[in-house]
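Trainee: got a predicted model here, sequence first, then my questions.
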Amino acid sequence: MPIIRFMAVSQSHNLDIKPEICALIVTHQLGSDISSTMRELLASVDKIIIIDNGSRGEHVERICELSAEYVEIIWNPSNLGIAAAINQGMIRARELGFGLVLVLDQDSYPSTDMVQSLLRTFQKASQTEMVAIVAPMILDPVISHEYTYLRSRFGILFERVPCSSGFLGGVTMVLNSGALHSIKAIENIGRFRDDFFIDYVDTEYCLRALTKGYSIHVACDAVLEHRLGARERRKIGQFSFLPTFHSPVRWYYISRNRIPMLRMYAIKFPHWLSFEILSSLYIFLRMLLFEDQRLLKLKAFFYGTLDGLRGRMGRIRPKLARRLGGES
């Protein structure tokens, strides 16, 4: 069972818009100072809950320093994975009576008015009760890259749409970091898949939400700085590539979780299937061309795919993690 410590919440901040919003930040071996981010969040949300996944040593001390006056912390004795941590935070937010929850990774940095922009888009959406998520426009500041968003065109065809102004509706999937979730929608859609641990957690939830008739929007004027892996821009001639340099253990989870995703959603979302096939081939080729630890990543791909076919989910086995040069 997780160890829960409660901190008093400062009520000194004022909101331009007074929603009942709780921010969740999932941490693991926190390596950077996010106190300024948390102070800015408190201008837009009513509470912050940190869910720490088994941090150790100085990382625990760093989180304790953040918790001084205004944060409630859920301490997990080990790394339970991103999905389980978000579920814990969602349950606690619901217990406290919140209707909207903002999810953030520890290395994501919201713009000053991001939360207000997300809320405005949420409130303006038609059939608000059927909006599951409003997500921000994602910007990778290191490589100056803006994310594009998947939408269906016709049948197996898809498009990747940039977020220029206003909002994007009819989006197939978004990242969890920076996303504003409806608690009522979560109660109907169901919780995040704990057994996925990490990778495809947000995609699976998005596709499940769509199957239940919910919609997903992107607020283009809400900006979140976020890095996917350790992306670097590489070029071959005039062609530009953005390899993520994910670890072999992450390659295991990606390869494994892809299998149940294909089983569950390939027929229901043919445009997503087309995108997934092309994207996976591209990412695989990009890894072979530019990334390090290729042999370990190929092994991770093999073992992950095999475990996915076997239905072996949850946290990677410690012995296999060590073989892949990482932690379980």
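Mentor: Received the coordinates, thanks.
Trainee: tell me where the stretch 51-200 of the chain has helices.
Mentor: Here the stretch 51-200 of the chain has its helices, by DSSP state H, counting those that start in this stretch, at 58-66, 82-95, 114-124, 183-189.
Trainee: kindly reformat these as TSV containing mean pLDDT, distance to P136 and mean neighbour count.
Mentor: In this view, the C-beta of every residue, glycine as well, is placed from N, C-alpha and C. TSV is the format used below for the helices of the stretch 51-200 of the chain (pLDDT from 0 to 100; distance: least, Cβ to Cβ, whole Å; neighbours: other Cβ atoms under 10 Å):
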stretch	mean pLDDT	distance to P136	mean neighbour count
helix 58-66	76	22	15
helix 82-95	96	17	21
helix 114-124	91	6	21
helix 183-189	95	18	17
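Trainee: need these in CSV (columns: distance to L289).
Mentor: CSV is the format used below for these (distance: least, Cβ to Cβ, whole Å):
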stretch, distance to L289
helix 58-66, 34
helix 82-95, 28
helix 114-124, 35
helix 183-189, 38
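Trainee: out of those helices, which comes closest to L285?
Mentor: Comparing the helices of the stretch 51-200 of the chain by their distance to L285 (Cβ to Cβ), the top pick is helix 82-95, with 26.7 Å.
Trainee: what does that closest one rub up against?
Mentor: With contact meaning Cβ atoms under 8 Å, 6 or more residues apart in numbering, helix 82-95 is reached by 2, 22, 24, 26, 47, 49, 51, 53, 72, 74, 76, 80, 101, 103, 176, 181, 183, 186-187, 191-198, 201.
Trainee: check stretch 28-45 too.
Mentor: With Cβ under 8 Å, 6+ apart as the criterion, stretch 28-45 contacts 10, 13-15, 21-23, 25, 48, 52-56, 59, 62-63, 65-66, 70-71, 79, 102, 104, 106-107, 109-110, 112-116.
Trainee: mind checking which of those residues are in strands?
Mentor: I21, C22, A23, I25, I48, D52, N53, V71, L102, L104, Y109, P110 (DSSP state E).
Trainee: and those, which two are the farthest apart?
Mentor: So for the ones in strands among the contacts of stretch 28-45, where distance means Cβ to Cβ, the most widely separated pair is I21 and N53, at 22.7 Å.
Trainee: need the contact list for L289.
Mentor: R234, I236, F241, P243.
Trainee: oh, I was asking about G166
Mentor: Applying Cβ under 8 Å, 6+ apart, the residues contacting G166 are C220, D221.
Trainee: about what we covered before: ChimeraX command for the buried members of the contacts of helix 82-95?
Mentor: Here is the ChimeraX command that picks out the buried ones among the contacts of helix 82-95, judged by 16 or more other Cβ atoms under 10 Å:
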select :2,22,24,26,47,49,51,53,72,74,76,80,101,103,176,181,183,186,192,193,194,195,196,197,198,201
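Trainee: for the stretch 201-328 of the chain, which segments count as strands?
Mentor: Ranges of strands within the stretch 201-328 of the chain are 215-225, 234-236, 239-241, based on DSSP state E, counting those that start in this stretch.
Trainee: determine how far the first one lies from the middle of the whole chain.
Mentor: Translated: strand 215-225. 13 Å (Cα atoms, centre = their mean, to the nearest Å).
Trainee: center of this structure - which residue?
Mentor: The chain has N176 as the residue nearest its centroid, 3.0 Å off, counting by Cα atoms, centre = their mean.
Trainee: related to what we said a few turns ago, dump the contacts of L289 to JSON lines, plus distance to F167.
Mentor: Shown next, in JSON lines, are the contacts of L289 (distance: Cβ to Cβ, whole Å):
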{"residue": "R234", "distance to F167": "32"}
{"residue": "I236", "distance to F167": "35"}
{"residue": "F241", "distance to F167": "30"}
{"residue": "P243", "distance to F167": "30"}
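Trainee: okay if I get the residues you listed as JSON lines plus distance to L42, pLDDT and neighbour count?
Mentor: Listed next are the contacts of L289 as JSON lines, based on distance: Cβ to Cβ, whole Å; pLDDT from 0 to 100; neighbours: other Cβ atoms under 10 Å:
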{"residue": "R234", "distance to L42": "39", "pLDDT": "83", "neighbour count": "14"}
{"residue": "I236", "distance to L42": "46", "pLDDT": "83", "neighbour count": "9"}
{"residue": "F241", "distance to L42": "39", "pLDDT": "80", "neighbour count": "15"}
{"residue": "P243", "distance to L42": "36", "pLDDT": "82", "neighbour count": "19"}
